[in-house]
Structure formats: C-alpha cells, structure tokens
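Novice: A predicted structure for the sequence below; I have some questions about it.
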Protein chains: 4
Amino acid sequence: MRESLSTSPAQLGIGLIGTGFMGRAHALAFGNANAALDLPARIRLSALADADSARAEQCASAWGFDRSHADWQQLIDDPHVQIVAITTPNHLHFPMAMAAIAAGKAVYCEKPLAVNLTQADEMRRSAKAAGVVTQVGYNYQHNPMIGLAREMLEAGELGEIVSFQGEFSEDFMGDPASPWSWRCEAAHAGGALADLGSHLLAMARHLLGDIEAVCADASTVHRERPASIGSDQMRAIAVDDQTHALLRFANGARGTFSSSWLKHGYKNHLSFEISGTKGTLSFDQERLNELRLYRTGAAGRDGFQRLLAGPAQPGYAAFCPAPGHQLGYNELKALEVQALIQAVCGQRSRGPDFEEAWQIERLATAIRVAAAEQRWVALTDI
Amino acid sequence: MRESLSTSPAQLGIGLIGTGFMGRAHALAFGNANAALDLPARIRLSALADADSARAEQCASAWGFDRSHADWQQLIDDPHVQIVAITTPNHLHFPMAMAAIAAGKAVYCEKPLAVNLTQADEMRRSAKAAGVVTQVGYNYQHNPMIGLAREMLEAGELGEIVSFQGEFSEDFMGDPASPWSWRCEAAHAGGALADLGSHLLAMARHLLGDIEAVCADASTVHRERPASIGSDQMRAIAVDDQTHALLRFANGARGTFSSSWLKHGYKNHLSFEISGTKGTLSFDQERLNELRLYRTGAAGRDGFQRLLAGPAQPGYAAFCPAPGHQLGYNELKALEVQALIQAVCGQRSRGPDFEEAWQIERLATAIRVAAAEQRWVALTDI
Amino acid sequence: MRESLSTSPAQLGIGLIGTGFMGRAHALAFGNANAALDLPARIRLSALADADSARAEQCASAWGFDRSHADWQQLIDDPHVQIVAITTPNHLHFPMAMAAIAAGKAVYCEKPLAVNLTQADEMRRSAKAAGVVTQVGYNYQHNPMIGLAREMLEAGELGEIVSFQGEFSEDFMGDPASPWSWRCEAAHAGGALADLGSHLLAMARHLLGDIEAVCADASTVHRERPASIGSDQMRAIAVDDQTHALLRFANGARGTFSSSWLKHGYKNHLSFEISGTKGTLSFDQERLNELRLYRTGAAGRDGFQRLLAGPAQPGYAAFCPAPGHQLGYNELKALEVQALIQAVCGQRSRGPDFEEAWQIERLATAIRVAAAEQRWVALTDI
Amino acid sequence: MRESLSTSPAQLGIGLIGTGFMGRAHALAFGNANAALDLPARIRLSALADADSARAEQCASAWGFDRSHADWQQLIDDPHVQIVAITTPNHLHFPMAMAAIAAGKAVYCEKPLAVNLTQADEMRRSAKAAGVVTQVGYNYQHNPMIGLAREMLEAGELGEIVSFQGEFSEDFMGDPASPWSWRCEAAHAGGALADLGSHLLAMARHLLGDIEAVCADASTVHRERPASIGSDQMRAIAVDDQTHALLRFANGARGTFSSSWLKHGYKNHLSFEISGTKGTLSFDQERLNELRLYRTGAAGRDGFQRLLAGPAQPGYAAFCPAPGHQLGYNELKALEVQALIQAVCGQRSRGPDFEEAWQIERLATAIRVAAAEQRWVALTDI
C-alpha cells in the first residue's frame, strides 16, 4: 500500500465504505474519472472500509486506496477523507450518512437513500442544515443518451409532453428457487419497487419533473422462497415481486409504470417511452448507447430512428472519440463521479442530492400506499 | 352484374351493408376465403347495400356481388342472404343487427358492437333468444401468430401467467389540425378507448380470460378540433385521446393497458407482452407475422427469439406454403370469415360472438367509469 | 362451373397453366386485383389447365375459372384466353411460352424464364418478333416499398450510388436429409443461384441498372441427398447450395452478392443494402412492409430509421387505407397482375418482360461461368 | 508526478509511446485491468513518451505514469519498462517495435503491424529470434461475446461451417469534404481495407482459421480531397474507399468481405454472420454486448435469438456481475491488456502476436493484389 500523502487543495480524498460489487464499481469509476474526465479537482483514493479488516486491506491494495479501516466511523473521521462513499446494504445508509453529515463531509450514497421515508426525511434535513454536498447513485441518468433526451425535451423537440410509459424489469428473482435475501425484507427496502422501480421513478422525475398523483397495484407471486440456495427451509415473502402504477405528472402528462424482478428475459430493462405533441422518444438500458426517436414533419420519410451515442455528448467524447464505440455501465458510474466532484467543488449539481432522493422515496411510498389501499394517492398527502 | 342463382345448400349468401374501407375489406376477405381457405360452405356474394344506390350498384359490380340495394332493410329481407355483414358507422350497428336477428339471419358485425352497453346487452340477449349465429370483427385475433400465442399459453409453455402489458397506439389524431369526425363523439362510441382500446381488451380476454377489476385514467389532449379539414370553426372534443389503465385478471395476473390515437410514430401498434413463471411472449401488430419469445431453461444460450409465421399454423399455410412470406391485414380478415362460415355451419365458433363482444364493451365501460370516478371498479359492478 | 361468356372488350381472359402453389397464388392474385386494384380491363378467369383432368376441373371450380383443360395446348388455343399464365416447373416454360407466342397471346411466365440462356434468348426474340406482351414473375419488385426505394434512388436522395450488398438466403435445403428434387438438376434450372439468386439479380438490375462484370464462387455443401424423403438411396447433387459473387455496376457502384438455400434461420431473406454519397437504404423481404433509411444532414439527430409502408404508395393504398396494416405476399402478386394488365392494355410496362428476364438469365450465366472458371467475366462476353 | 519505485517481481512496468486517442485508451485499459481483472502481475505505469515533452509530462501526470520522455528510444531503454506499448501513427510501428525487440522487451503494438508486408515479416522474424512476447491491438476479439462465439464454433454448435459474411463499414470519410490525412496514403497503410478491413480479417481468422484464396474489388470513390479541413487545395487520393472480396477458407467455408469508410449510417459496423450445418450466428460491433443465434432443432419454436453478454463469460463478470449491464469499448481494451500480461507471464497467449499479425497483413496484401490484378490470388503466392 502506498504511503499516505497529505491532500493538496486540488485533490479530494475519497473514503469508500463497502467492498462488494458496488464498492468495486466505485473504485473503477474513481479511476476512470481521474484518467478520462475533466474534473475541477483530482480524486485521491484515500481510504477504504470493510468490517472484515483483511478484506479491507486486500481490496485497498488491489484498488489503489492509500489505507484501509475495519471501522467505518474511523473512515468518516479520517482527515484524508473529504467525500464519504457508501455502498453498503440499504439499512446502513442512514447511520453512515448521518455520521458523515455530522462530520461535515460530502456524502455519495448508493440508492435507495434509506429504508423508510422518515429516515430519508431526516437525512435530507440534516444534510441541508449542515450544508454538505450530497449525491445519490441513480447512475443511469448520467448516461449521455439520457442527457440528450433531456436536452431534446427541454428544447421542446417533442412538443408538449402527453404520455410516459416506463418499465424496469429484470428476472433475477424469476426462479421460485431464488432464495430469500435481505432484498426480500421491507425493513431493508426490499422488493421490486424499491430495488428497481426507484431507478425508474428517479428517471421519470429527471426527465419530466413532478408527479402529482398515483394509483398502483402490487403483487407477490412467489409467497415463500428457500431460506438460502438449495435449502429445504422456506421463508415467507411479503415484498412485491411486481408493481404496476398509473402516474399523473404536474405537466399534464399521464403514464404507466411497471417494475418487476421476475419478468423472464429481461436483465436490465430500465426502459421508457415519452410522447409529446411533436414526437416520441424511447430508451432501453439494455442498449444504453441508443435512443429511439420519431419526429413529425418528414412526410413519406418518417419513421422511428435509432440514434447512436457519439462525441457530440461530452460525457461520451471523454471516453470514445467516435460514435458506435459504446460506453459501458462502469463509465456511467464515472460520469456520476464527475457530477459529484463538480458539485463538491461548487459547480452546478447534476446528480440527485438527498433532497431529490427523498422526493423519489416519497413517490415510491405513495405508490406503496396506493397499492395497499387500492386508491389514488396525491403526493401532497404523503 | 351476374344473374342471381338460388343458393344451393353448399352455398351461403352474404349481404354486405356498407361500401367504405371495411366494406371493401369484407369483399376482399370473402373472395380470399373462397379461393384459399377450407370452408364447410362456399360463400356467395349475394347482395350489397349502400344508401347511395348508384354507389351500391357500382361497388356490387366491381366487387362481384349479384345485386345491390339502396335500403339495408331490403338486403336483410333478401331471401338470397343468409349472413348479414355490417360495416356501417357504429351507431347503425344496433338497428341493423336487431333487424337481422329479427329476420333470423346470422350477423357479422364490425366492432364495437354498439354505442353503449345497454344496446350491446339487448343485442346479445336478442341473438341468444333468436338462436342466430353472430360474430364481431375483432379480426386481429384471427392472426395465426395469435393462434400460436394462445396455443403456447394453453399448453403452459409460459407457466403460470404473472403479467400483461398491452398498448394500442396510433397517431392519426396526433395533429391538432386533424378534424372532428363522428369518432370524436361519445354517442357514436368515439375516442381512443372505444376505437383502438377495445381491440386490445378483446385480445387480453382472448388470451388470458376474464378481468375482474380495473383502475384507469383518461385524458383529452386536444380539447377542440376543426369542424372539418382546414376549417376555422372549432368543435369541442370530450372523448379521450388516450386512456391508461391497470388490470387485474381472474387468473391472478396483473397488468397495464394503454390506448392512444395521438402517439406519434405508431400506425397500428396493437402490442402486448405476457409474462409467466416460465417465459415471456410479446407481439406487435405492426409486425403481424412475428412473435417474440423468451423461455427459461437454456442457460447461456437464452435470449428473446423472433418466431416467424409459417405453415405450421393452418391459417398461414392456406395462403403461403413457406415461412417468411407473410400474411397481410386482408388475409387476417379472410381467416375471420372462415371462422364465421364455420360457426354458421355449426362448427366450433372461434370468433367473438355478441356475448363476448358485450363482455368487451362491459370491460371498456368499467375502464371509463374508473377513469371518470378515479377509483378501482370491479367488473361485477358494471 | 359457370357458363362461359364471350369476353367483352373490357375483359381479358386468363388461361392459367398449373395448379401448384404458384397456380393458386395466381388465382388469388387475379381475384385480389379485380376486387381492389384500378385496372384498365377486368380480368376474367377463363380457363385452367392441369395434366390431371380431375384436378384441373376441381381447381377450376374452387378458384372460379370458367372451364378447365387437361391439355395445355388446348388452353393456349382457347379463344376465351388472351393471356397465358405459366406456373409449371421450369423446363416447361419454354415450350408453353413459345406456343403462346405463336398463338399471338400475351404471356405471364413464372421465373426463371427458361432452363438455359439459349432458350431464354429464343423466347425474347420470338416475343419481340410476334409483338406480344410478356411479363415474368419477379413479384418482389412490385412491392410498394421497392417502388419507394426506386423513387428515392431516381430522385437522387441517396446521391451517387457507391455500393450494393445483396443476399437471398433461405434454409429449406439446410437439412442434409432434404431430398433430391428437380430443383437439384441444372437441366431444370436448379440450384440456389437459379432458384433464389435470380430474384436478387432482378432486384439489383431493377434498382441500379446494368451490371458489367462479375466474379463468383459457388459450392455444393451436401454432395448427395436422398432420392426422396426418408429414402436410403442417395443421388449425387451437382448444383450450387450457395453462390457468392462480386458485382461491378455500369453506374460505378461495386457490390457483393450471396445466394444460399441452406443458411439456417432465413426463410425468405431477399435483402439488400444500397449506399450512396448521401445515404444508405436497406430492405429485407422477411419484413416486406419496411425500409431502413439513413440520410446525411441531420447532425445529432441522425440514425437509421424504419419507414413503414403506407397509403402514400398507391399499391399499398389500394389494399389498406392506413399505414401499419401491412400487405402480404399474395398482394405483391396482385400488384404484379395489375402491371401485367396495364401492359396488355398498352400502358407503360412496369414488370420485367422477356427481354429483361433474358438479361437476368445472362447475368446468372455470367456468375456461373465466373464461378466455374474462377475468373472475372464481363457481361459483354456472355 | 510520483516518485519512481523500483519494480517488484510482481509488477510489470509499462512504457507507453503516444498520447493520442489510442494512448489514452491504453492508459484507461491499464487502470481498469489493474482494478478489475485477475492478473498474474500488477501493471505499473512506468513511463510515457511523446515527442512534445510538455504534453508528455502533462499526460503522464494526468494518467498516472511515473515519468515521461520526449524521446521514445529513451523510454525503450528505461529500465523500469518491461513492456513497450506503441500507439503512434502506423509508419512508426516498425522502428519502435524493432528497437523494443532489440532491447529484449515485450511489445504491445497497435494495428496494423506495419505499413507493408516486408516490414511485418521482418518484425515477426525478429521477435521470434529474440524470444520476446508480442501482441497486436486487434481488441475486438477480446470481447467476451466473441469468446462465446468461438466457444460455440469450437464445440461444433453450428455444425460444419459453410459460410462467412463479414463487413466493417464506417462513414467518417463519407463526406467528400473530409480532408486528406496520413490515413489516405498507401505508404502509411492507409485506406479502408488497412484501416478497418484488417480488423475484420483478424476476426475471420480468429474464428474460422486460415483463408486459402481471395478475389477482390477495390474502388476510390472520392479521388481527391481537401488538403486540410476547409482548404481549397485538393490532394489526389489513391487508397481504397471501399473493398469487397470473396474468401475461401481452408475449412471449406466460403464467404464475402466488405470494408468501407464511406458507408453512411455506420459508425463501427464490424459485423459478421457465420453459418454452419446446424445454425447461424451473427454479430455487430455497434451492439457489442449481443450475439444473434439461430439453432436448428426447435421446430415451431425456432427463430433468431438475441444473446446478451453476462457473467457466464469471465471477462464480463470481472466488470459487471449481472447480464444486461454492458461492457464498453474501453473494457475490451482492458481485456486485451489482461491477455498481454498473461502472455508476458508465460501463460497461454490469447491475443494475436506478431506472427498472427503478419498473417493478417499477408491476407490484406493478397486482397490488394487480387483487386489490382482482378484475379483470384492464393495465399501461398503471397
């Protein structure tokens, strides 16, 4: 492990908590952001924390962190750390983020923000009161193609927006033999709506703004699952396998919403279609470098077209100088890191902060209430 | 025009009312059915009616009908006519069908069955009391690929059905300058739900059976339209431009529903995706010779596949002996005619009759009530 | 069977030889053309010939022909017949067409024109000398989407044409157990190049004009096949299973050509891509109602788009009044019949006549020579 | 810039020459390989060379290299450098690689290996004589989906291979106003065949092995181009804008080949279709995380299917734990680096070495000769 250096003003020290998939995705993203992206400050991989100290040390070494901690509170207190990145299971987001805020550090937290709306509310209030920069890992919206979609929407290229149809489906829980995990517990923000649907709600808000009312229907298809892989012991499941909803946007658009983690054939199907008075736009995360666009006005030569990501979008140009080469998932994460560093350096925040993440949680809560009570729910009532 | 012949037992005389697009589609379908399909009786084009007697005569000649009538009641009374085909605007379906039933003739009526549920109810009761064969023109379900989908569902190839997502969108009313027509009047069964959505409801019932409850949201985007093309005079529009809904099926599946006639880019996008515990199936009428299928169990070699229509489906084989050649819209209509002739000859009815068409209208009515009252509606309450 | 009527001036009597798949396709096409298309003369189904007199009579009755003949020469001599339609196996095209020409009748012959270039040459010379109208059944070019492609090419929408890449693959001979048939004999114009490739050559000429030189490679993958289905007796196969070629067009474009009847997964994959200095266009017969188009000049909003067939093309409008409804294979055949009737009535011929069909055979011959001799062959040398 | 450290046995020092797009792509790849991939030795970014010393220093700092050199020979001589990575224009590959070989260092050279076959031959002989490890940057074949394709081919899942159809098209030279550059000079290995086509030839050999004979056709569409962007001065262009070829494989398969840099609409269309006696497989680099597969034997449920990249392929799993997340171009480059490090550490080489790169150049030369002399050329004659 390298010798620790005091951080220069042009460097920001990252303290990363967690060494699972998202931990490594963060490590890759910090490295890619440093090497490829225009940043107002360089990132220093200052500290890595994992409760397993051997693993913490090993990953720190492999991923290029200066040092490791077995105690996450120590990482938060570490003076080399200016930004605390949280990639632990959902129920730990609250205590870690609150500690980081208390220490006056910027917080970069994976989604969902918290395991319930009360926590989320406390987190956004505390962050605001402390004046710390926050960002939540709804990485899909940092895709340059989503940036292009938003540009087109803001420029009115689709006219007034009339409809939104969104679906985030995967199939990793499609097999009834897929075992129970903490993702199956409501107390850990489990279920398809929280796990996948929240990404889609974040996207809907990112592109079309506030949603005023929802109606919803949720169902649990497999009501018990093995306690672990291959186990004979079954555990009851109460969280949703799929949730469908109707959405009413403040801008007048209407739409549908679906999230499922047992829809066979889909692996990362965060998809939407937005239609306005002048055209229609659609996107599918399974082909993240593409947008599908239809615009009126080309009589006889009209039709949906496939737009490919290319260097006209700055986030793409940083990684690939020619269209057709394609960004990968990890580069979306690097672009998220760029937004974080810009926000910490006082530039315009592009990533969802705790305030916005609370709005997303509130919306998910409204959908949950609407499904439970089988009625329309106004967001103002949540 | 040919000399009229008395119909032999092996012939069924058709009396067609209407000479618009659907009138001609019927004429083509009768011809194609006679030439290509295995029928228990040959079809004779006995009489054609149109209020404009010159047009009636001209079309009768061009389309090969034995004679024409300017008065549709005369056509119904014509002893050469055993089957009355109704292709007039929606508000005429009721009086014509009731007259045909009263005359003891089989009725082949375009959709929607009627302009309100009361009429539809009277029609199905009268047909049942009179014992006449009826069929309603939900032609899309006669597509051999829909037949294949139903086969797969019935055989359990997708396992237990979990979700349905359906959308029927077109864009012919997308331009605010698209003028008012009778399709914009609720009293004529106008609006996107009645005009397009009813096809999708028919399909949902055809494939997955009864729907028990719905919640819905409807909106009128363009609240006034020119009285005619290019007119300065505007007429207020009250029918829906788009309707979205949540569906709860009796078999436990849950789903979403969308219908729109102003979603740019779509021309005949009657589409659905059905997912079960063993796979997922999707269809889009804009590529009517294809199904998209995902089945579990081929680890490492799994993925959605495109099935092409081919001669394994009898309806296809009748028209094309090799896969990849493709049926067109008019051949679906010919297959619908085959189902009609089979039903009239006492064979198993495959087309939706007035009873089923009433169920479809009832479901559309439930959606309309749910949208108006912003609440869930049980079908048993309609 | 109906009483024969003398044909009025406004009627053209068809004499159809052959009752196989193509025979029925003709019968359907005549019916559809009469019912839906604008024709300068009505078609009368005057006579049907099949060597099996019982089958001839049965099919005549089922398909609506006035009378039947067991002897095709009688059909040609039949005074009710003005147009002789030939749908028999390839080796019969020559004697039948020559007899029809001798009788001064128009000839509508299925492709390929003949089983060798000498025959084809004699046929085009005889037809020219006799002044009879001829048409050969390269039906795919009557697709309205091909019409649109040609319009775009002629209007220079793609700029100067630079490249052509064409492939016609199917897989009906992909199974080594697919037995020998006359299609496996060179003397019957068998092999993938003659059976499928000739359609693609016709299309290339239809869209881009003359080809000046070719180089080619042919291979027979399965060198013997069962004499019949399931037979133990094997027959040697000498015709090509696949042929690949390079093409040099007179307009300067260069290209590739492939035809195969054992390329698994393809069922009717007559496809091409044409690229010019301003754009690229592609087509696949397996989705015959679509074109794929890319045009330069829409920076940032450029991408391949999917054009759907619609009523802007007259041939489409005759069958379907709205886009997205789709024509089927049999309607392309009806549009071919329309071109035939127009030509017989002295209007501009749009279908390939014997002269053009000879050019296609000459091109196929050049490819065959180039493959056999493994060298470039100039068309002027054939 | 960091203090230089002596490299431990478990580290390999990289010396990178060039700071253009490929230089940065290498830097990203080394970082990603270190952070995500299982490597037998860690990579140390030891030295960066660029003739512009200020740029060399700046990039070294930004990309994390220990030191910089303005003179590439110094970098080669640098004792911290064990592997020399060459990303300079094509004409410099030869002197740099020869110097590195002379210094006994491993060489990682971008494609094409050299600007003519004589150079390439000398390079492969020298490397062999010196016993140094070499690898050439045909990065596309390190795609896990290409790995899967090769697995399927080797396991015989497609049966005996019958045909190959390959195309690598882009459109960056499609505009006649695209100016002259060194890529337009044959002496710098310019032209579409060398620039793009060589990737496709590499892929064809990677998947199907030796090619025995070729025939080809090349054309220069725009025979002069501006000397620089917007310049009035025109320079004559002699290299090919497009080349088409026929290929005969040693295994008996036949095929077509196209490369173009002016085919509008394509941005990175390295694509191929391979068909055998049991199925067909296709790939397009513009959707690099997908394969399209058809296999025989699923009567009635057969059709092309879309396989998505997923963690069953180790190269994918290293970056993304779930399917559908997608690798990007830069991660293919990291996987190439992994192959390099494995080869340097004595493990099985998976990347093309100088010997294989010479074979690729030889094949390109055969195509060039075949096009120039308009005849078939056997590889044994080159």
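Specialist: Structure received.
Novice: Surely A:E356 is in a helix?
Specialist: Yes: counting by DSSP: H, G, I helix; E, B strand; the rest coil, A:E356 falls inside a helix.
Novice: Spatially central residue in chain A, please.
Specialist: The centre of chain A sits closest to A:Y138, judged by CA atoms, centre = their mean, with a distance of 1.8 Å.
Novice: Could you tell me how far the nearest residue to that residue once chain neighbours are set aside is located from chain D?
Specialist: Computed as CB to CB, 6 or more residues apart in numbering or on different chains, the closest residue to A:Y138 that is not its neighbour in sequence is A:A202, at 4.2 Å. Yep, even glycine has a C-beta here, placed from its N, CA and C like the rest. Distance of A:A202 to chain D, given as CB to the nearest CB, to the nearest Å: 17 Å.
Novice: A:L16 now?
Specialist: For A:L16, the distance to chain D under the criterion CB to the nearest CB works out to 12 Å.
Novice: hang on, that residue in a strand?
Specialist: Yes: per three-state DSSP, A:L16 lies within a strand segment.
Novice: now the farthest one out in chain A, which residue is it?
Specialist: Largest centre distance within chain A, by CA atoms, centre = their mean: A:G300, 40.3 Å.
Novice: sorry, back to before: doesn't the residue nearest to A:Y138 belong to a strand?
Specialist: No: counting by three-state DSSP, A:A202 is not part of a strand but helix.
Novice: Next up, the contacts around it.
Specialist: Going by CB atoms under 8 Å, 6 or more residues apart in numbering or on different chains, A:A202 touches A:K111, A:Y138, A:Y140, A:Q141, A:P352, A:E356, A:A357, A:I360.
Novice: got a winner among the residues you listed for most neighbours?
Specialist: With neighbours taken as other CB atoms under 10 Å in any protein chain shown, the top of the contacts of A:A202 is A:A357, carrying 28 neighbours.
Novice: Is there a neighbour count for the nearest residue to A:P176 once chain neighbours are set aside? I'd like the number.
Specialist: Once flanking residues are discounted, A:P176 sits nearest to A:H222: 4.7 Å by CB to CB, 6+ apart. As a burial measure, A:H222 scores 17 neighbours (other CB under 10 Å).
Novice: and if you look at A:A216?
Specialist: Look at A:A216: counted by other CB under 10 Å, it has 28 neighbours.
Novice: Remind me what the host helix or strand of it packs against, helices and strands.
Specialist: Assigned by DSSP states H and E, A:A216 falls within strand A:211-219. Under the contact definition 3 or more CB pairs under 8 Å, 6 or more residues apart in numbering or on different chains; DSSP states H and E, strand A:211-219 sits against helix A:198-208, strand A:242-249, helix A:354-373, strand A:377-378, strand B:211-219, strand B:242-249.
Novice: tilt between the helix or strand that the last one is followed by and strand B:211-219?
Specialist: Where DSSP H and E defines the elements, the next helix or strand beyond strand B:242-249 is strand B:254-260. Between strand B:254-260 and strand B:211-219, the angle formed by their directions is 40 degrees, by axes from the mean of the first three to the mean of the last three CA atoms, to 10 degrees.
Novice: Strands of the stretch 1-150 of chain A, start to end?
Specialist: A:11-17, A:42-49, A:67-69, A:83-86, A:106-109, A:134-136 (DSSP state E, counting those that start in this stretch).
Novice: At the contact with chain C, which residues of the stretch 51-200 of chain A appear?
Specialist: Residues of the stretch 51-200 of chain A lying near chain C by CB under 8 Å from any CB of the partner chain: A:L148.
Novice: Spell out which helix or strand contains the residue of the stretch 101-250 of chain A found nearest chain D, please.
Specialist: Per CB to the nearest CB, A:F172 is where the stretch 101-250 of chain A lies closest to chain D, at 6.9 Å. Assigned by DSSP H and E, A:F172 belongs to no helix or strand.
Novice: wait, it sits on A:W261?
Specialist: Yes: proximity of A:F172 to A:W261 meets the contact threshold set by CB atoms under 8 Å, at 6.0 Å.
Novice: still on that earlier bit, got CSV for the strands of the stretch 1-150 of chain A, with mean neighbour count and mean pLDDT too?
Specialist: Below are the strands of the stretch 1-150 of chain A laid out as CSV (neighbours: other CB atoms under 10 Å in any protein chain shown; pLDDT from 0 to 100):
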stretch, mean neighbour count, mean pLDDT
strand A:11-17, 25, 97
strand A:42-49, 25, 97
strand A:67-69, 23, 97
strand A:83-86, 28, 98
strand A:106-109, 27, 98
strand A:134-136, 29, 98
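Novice: still on that earlier bit, which residues touch the residue nearest to the centre of chain A?
Specialist: Residues near A:Y138 by CB under 8 Å, 6+ apart: A:K111, A:S198, A:H199, A:A202, A:M203, A:H206, A:G351, A:P352, A:A357, A:I360.
Novice: Show me which pair in those is furthest apart.
Specialist: Using CB to CB, the contacts of A:Y138 span at most 14.9 Å, a distance reached by A:S198 and A:G351.
Novice: which bits of chain A sit near chain D?
Specialist: A:21, A:24, A:27-28, A:31-32, A:34-36, A:62-64, A:170, A:172, A:266-269, A:285-288, A:308, A:310, A:319-331.
Novice: Pick the one among the contacts of A:A202 closest to C:V377.
Specialist: A:Y140 (55.9 Å).
Novice: what about the closest one, distance to chain B?
Specialist: A:Y140 is 21 Å from chain B, by CB to the nearest CB.
Novice: residue contacts, that residue?
Specialist: Contact analysis of A:Y140 by CB under 8 Å, 6+ apart lists A:I146, A:H199, A:A202, A:M203, A:L270, A:Q285, A:L288, A:L332.
Novice: quick check, nearest of those residues to A:A103?
Specialist: Nearest to A:A103 among the contacts of A:Y140: A:A202, at 26.7 Å, using CB to CB.
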